[in-house]
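[1] heads up, no residue letters with this:
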């Protein structure tokens, strides 16, 4: 049996292994997180509220207004058409009137509300 090819292969492997002496960076569960300090000092993140009620409301003038009331009772998204653009209204405190840019205002809840839309006046609506 000829052992020369086996020794030659071993010699080639050893010489190739000696070429790259740089060790790769090891990442383990016990390694320090390079962003640990930045994450510790980062401000708390508040998630946006979830939708609590998504309703279509029939108004006394026989029109329909669509509204998404968010948890926490501080935000409502009002739309005049189901797939149309919406206007986000916010209340400073839960239970107070929701107010938005341009004169939009909602007072009430997802069941009964007075909705003011610029150019169309106030409407009394029921969900």
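    Sure thing, it's come through. Since the structure is predicted, the reported quantities are computational estimates derived from the model, not experimental observations.
[2] hey, let's count contacts and neighbours off CA atoms from now on
    OK.
[3] pull out the buried residues from stretch 23-43.
    By 16 or more other C-alpha atoms under 10 Å, stretch 23-43 has no buried positions at all.
[4] I'd like the distance from it to the chain centre, please.
    Mean-position distance between stretch 23-43 and its chain equals 25 Å (C-alpha atoms, centre = their mean, to the nearest Å).
[5] ditto for stretch 108-123
    Distance, centroid of stretch 108-123 to centroid of chain: 28 Å (C-alpha atoms, centre = their mean).
[6] endpoints of that stretch, how far apart?
    End-to-end distance for stretch 108-123: 12 Å, by C-alpha to C-alpha, to the nearest Å.
[7] same check, this time on stretch 87-102
    End-to-end distance for stretch 87-102: 9 Å, by C-alpha to C-alpha.
[8] swap in stretch 64-83?
    End-to-end distance (C-alpha to C-alpha), stretch 64-83: 13 Å.
[9] contacts for it, please.
    49-59, 85-95, 98, 110, 125 (C-alpha atoms under 8 Å, 6 or more residues apart in numbering).
[10] likewise for stretch 90-105?
    For stretch 90-105, contacts defined as C-alpha under 8 Å, 6+ apart pick out 72-76, 87-89, 106-108, 115-118.
[11] cool, stretch 42-49 as well?
    Stretch 42-49 is contacted from outside by 70, 71, 72, using C-alpha under 8 Å, 6+ apart.
[12] on that earlier part again, list only those of the contacts of stretch 90-105 flagged as buried.
    Using 16+ other C-alpha under 10 Å as the burial test, the contacts of stretch 90-105 include 73-76, 87-89, 106-108, 115-117 as buried.
[13] can I get these in TSV including secondary structure, distance to residue 8 and pLDDT?
    Supplementary listing: the buried ones among the contacts of stretch 90-105 in TSV, determined by DSSP: H, G, I helix; E, B strand; the rest coil; distance: C-alpha to C-alpha, whole Å; pLDDT from 0 to 100:
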residue	secondary structure	distance to residue 8	pLDDT
73	coil	78	91
74	coil	77	93
75	strand	76	95
76	strand	77	96
87	strand	77	95
88	strand	75	96
89	strand	78	96
106	strand	85	96
107	strand	87	96
108	strand	87	94
115	strand	87	95
116	strand	88	95
117	strand	87	93
